[in-house]
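Undergrad: coordinates only, sequence not included:
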């Protein structure tokens, strides 16, 4: 990322942020922003337990970040013009990722309303009938990979897939613990790659990394992950992992 970092330094040079860091009031500004981070953490923790807040957790986090940044900027003694320039640059930096995030959300809506995932599950689970335990557990892993592209939520996928997969896994001799392990393998690593993952797109936008460059970087990781997953699933089948 050296070239990208150099380009960013050149891009934001006009903001003159270096002179602001020598201001003794910057420490107070950091403390103020730290308090907002504590509030953000409190919202994230309380969100799942407070029904009235659960649907608004992410907007609240975004609002607290925005207010915290503005207040910290004012406390630091930075001019309103400098804060406005920094805000403008931040908005312009995130703007290209907004259409991608909306497209990622629309993918889930389309496949849910069109019952596309149901069709995928029906066709794929038919392959489990009469297969060996190792082949069955690998199919479960691949099925989790496919469904993850459309539904990023682990809980939503589990509710959708497990009632179908567990009885079929019992029939072909795959323990339920190994079935869940295959599902978890397929669910977790894909968060680093799928463009339908809104959080990944947001992080790439904040870091100013193109999706193509990120994929070229993570491709080497996938070349290691897939053989390891196959090995551990084979090992689990060999030792009869579970039931417990």
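TA: Yep, that arrived. All of these numbers come straight from a predicted model, not from anything done at the bench. Residues are numbered from 1 along each chain as shown.

Undergrad: let's check: the centremost residue of this structure is which one?
TA: The chain has residue 199 as the residue nearest its centroid, 4.1 Å off, counting by CA atoms, centre = their mean.

Undergrad: touching, that residue and residue 191? I think so.
TA: Yes. Using CB atoms under 8 Å, residue 199 and residue 191 qualify as a contacting pair, with a distance of 7.4 Å. Bear in mind the C-beta positions are built from the backbone N, C-alpha and C, glycine included.

Undergrad: my guess is residue 139 contacts residue 129. True?
TA: No. Taking contacts as CB under 8 Å, residue 139 lies outside contact range of residue 129: 10.6 Å.

Undergrad: more neighbours, these two?
TA: Remark: of residue 139 and residue 129, residue 139 carries more neighbours, 21 against 10, as counted by other CB atoms under 10 Å.

Undergrad: what are the phi and psi angles of residue 208?
TA: Dihedral angles of residue 208 (phi, psi; degrees, to the nearest 10) stand at phi 60, psi 40.

Undergrad: ok, it touching residue 94?
TA: No. Using CB under 8 Å, residue 208 is not in contact with residue 94; the gap is 10.3 Å.

Undergrad: tell me, how many residues neighbour residue 173?
TA: Counted with other CB under 10 Å, the neighbours of residue 173 add up to 15.

Undergrad: what packs against the longest helix belonging to the chain?
TA: Counting by DSSP state H, the longest helix found in the chain is helix 211-239. Applying 3 or more CB pairs under 8 Å, 6 or more residues apart in numbering; DSSP states H and E, we find helix 211-239 packed against helix 133-150, helix 176-188, helix 198-207.

Undergrad: adding distance to residue 82 as columns, could you present those helices in JSON lines?
TA: Formatted as JSON lines, the helices and strands packed on helix 211-239 follow (distance: least, CB to CB, whole Å):
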{"stretch": "helix 133-150", "distance to residue 82": "42"}
{"stretch": "helix 176-188", "distance to residue 82": "42"}
{"stretch": "helix 198-207", "distance to residue 82": "20"}
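
Undergrad: out of the ones you listed, flag the one nearest residue 217.
TA: helix 198-207 (10.9 Å; CB to CB).

Undergrad: helices and strands around that closest one, which ones?
TA: So helix 198-207, by 3+ CB pairs under 8 Å, 6+ apart, packs with helix 80-94, helix 97-113, helix 211-239.

Undergrad: show me which residues of the first one are buried.
TA: In this case it means helix 80-94. Of all the residues in helix 80-94, those buried under the rule 16 or more other CB atoms under 10 Å are 82-83, 85-86, 93.

Undergrad: go on, the last one?
TA: Of the residues in helix 211-239, 214, 229, 233, 236-237 count as buried by neighbour count, 16+ other CB under 10 Å.

Undergrad: so what's the residue count around residue 210?
TA: Count around residue 210 with other CB under 10 Å applied: 12.

Undergrad: good, wrapping up.
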